[in-house]
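1. below are the sequence and a predicted model for it; my questions follow.
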Amino acid sequence: MSSAPALLVIAHGSRDPRHAATVHALVRRARALRPGVRVETAFLDFNAPSVGQVLSSLHLSGVREVVALPLLLTRAFHAKSDIPAALAESTARLPGLSVRVADVLGPSPLLLSALELRLAEAGITPADRATTAVVLASAGSTDPEAIAAIAETAREWRHTGWCAVRPAFASAALPRTEDAVRALRAEGFARVAVAPYVIAPGRLPDRIAAGAEAAGADVVSDVLGAAPELARLLLQRYDAAAATPARLPALTA
């Protein structure tokens with residue numbers, strides 16, 4: 001059996017079957033990049049298996065070292081509360097199990113590369129950058145840290161050559177995608193693209209696409225999904241966590 005810690009990718013989960021299918025496709029891609037590591041998937045809600053079920057199975061098979069990786073773009077409620085609570089419950093009942101918690105995926109240059117890959121697939125060429133305004137459309141959060149992280153990602157992305165990049169949110173925060181598109185039009189930008197800053201399809205990504213269409217966006221790219229850059233990023237976060245002393249963060253982090 002491999003001496004490397006197992007990697008447990010923890011996704012949010014959704015009633016939309018496209019969500020789990022996309023998560024599994026991404027995890028398969030990461031697993032193929034690192035054949036020496038056992039890679040498993042768990043969900044917080046709506047889908048099976050749960051975090052506790054996967055950790056129990058790993059423990060039963062003899063695994064004692066696990067890196068838990070939140071499949072999240074920002075540190076909001078799920079990263080700060082739900083995931084630590086689920087991990088704490090399992091480590092309390094599974095003797096000898098050591099869990100390191102990896103950082104969330106964002107921010108990262110690899111995420112910007114994945115966003116650009118999706119825009120290229122939607123028809124935006126490198127020559128279009130200087131004349132295209134982009135709406136970076138995320139799911140949304142009530143957590144100020146998460147909102148600030150999205151805004152900072154938009155600022156960083158703007159510096160790579162786009163004529164404008166503005167954040168927008170499908171829920172919990174403003175502006176909405178359609179309002180951001182209309183605002184850019186009002187400022188005189190002739191071409192506006194919407195780039196969903198979400199990992200998998202579902203209700204909120206559908207809301208982003210609907211808002212983009214309602215406001216007349218020229219281009220709407222796909223969700224990040226199983227982009228090669230995301231698979232590489234999962235392993236970057238895994239490697240960083242595996243290199244640190246094992247500990248479980250406080251539930252109030």
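-> Right, received. Where do you want to start? What you are looking at is a predicted structure, and each value in this text was computed from that prediction instead of being measured.

2. moving C-terminal from the helix or strand of the chain with the lowest mean pLDDT, which element do we reach first?
-> Comparing every helix and strand of the chain by mean pLDDT, DSSP states H and E singles out helix 77 as the least confident one, with a mean of 72. Per DSSP states H and E, the first helix or strand lying C-terminal to helix 77 is helix 83-93.

3. that following helix: which residues count as buried?
-> For helix 83-93, a neighbour-count test (16 or more other C-beta atoms under 10 Å) marks 83-84, 86-87, 90-91 as buried. Where C-beta positions appear, they are placed from N, C-alpha and C, glycine not excepted.

4. so which of these comes closest to V194?
-> Within the buried residues of helix 83-93, proximity to V194 (C-beta to C-beta) peaks at I83, which comes in at 29.0 Å.

5. now do the same contact list for that closest one.
-> 10, 44, 51, 68, 70, 101 (C-beta atoms under 8 Å, 6 or more residues apart in numbering).

6. same thing but 7 Å
-> If you count contacts by C-beta atoms under 7 Å, 6 or more residues apart in numbering, I83 has them with 10, 68, 70.

7. how about the last one, phi and psi?
-> Pointing back at P70 there. phi -70, psi 120 (degrees, to the nearest 10).

8. tell me the pLDDT of it.
-> With respect to pLDDT, P70 scores 97.

9. go ahead and confirm it touches L87.
-> No. Between P70 and L87 there is no contact under C-beta atoms under 7 Å: 10.1 Å.

10. so where do the helices sit in the stretch 151-253 of the chain?
-> Per DSSP state H, counting those that start in this stretch, the stretch 151-253 of the chain has helices spanning 177-186, 203-214, 228-242. These are given in chain order.

11. how about the ones you listed in CSV, adding mean neighbour count and mean pLDDT?
-> Output for the helices of the stretch 151-253 of the chain, formatted as CSV (neighbours: other C-beta atoms under 10 Å; pLDDT from 0 to 100):
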stretch, mean neighbour count, mean pLDDT
helix 177-186, 20, 98
helix 203-214, 19, 97
helix 228-242, 19, 98
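
12. turn these into JSON lines, columns for distance to L119.
-> Output for these, formatted as JSON lines (distance: least, C-beta to C-beta, whole Å):
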{"stretch": "helix 177-186", "distance to L119": "15"}
{"stretch": "helix 203-214", "distance to L119": "13"}
{"stretch": "helix 228-242", "distance to L119": "13"}
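
13. circling back: buried ones among the contacts of I83?
-> 10, 68, 70.

14. quick check: the gap between the residue nearest to V63 when sequence neighbours are not counted and A180.
-> Distance criterion C-beta to C-beta, 6 or more residues apart in numbering; nearest residue to V63, sequence neighbours excluded, is A6 at 4.9 Å. A6 sits at a distance of 40 Å from A180 (criterion: C-beta to C-beta, to the nearest Å).

15. and the longest helix seen in the chain, what's buried?
-> The longest helix of the chain (DSSP state H) is helix 17-33. For helix 17-33, the neighbour count (16+ other C-beta under 10 Å) marks 19-20, 22-24, 26-27, 29-31 as buried.

16. next structured bit after it?
-> Using DSSP H and E, the next helix or strand after helix 17-33 towards the C-terminus is strand 39-43.

17. pLDDT of that following strand, averaged?
-> Strand 39-43 carries an average pLDDT of 98.

18. next, the angle from the very next helix or strand once past that strand to helix 83-93.
-> Sequence-wise, the next helix or strand downstream of strand 39-43 (DSSP H and E) is helix 51-60. Relative orientation of helix 51-60 versus helix 83-93 (axes from the mean of the first three to the mean of the last three C-alpha atoms, to 10 degrees): 40 degrees.

19. helices or strands up against helix 51-60?
-> strand 6-11, strand 39-43, helix 83-93 (3 or more C-beta pairs under 7 Å, 6 or more residues apart in numbering; DSSP states H and E).
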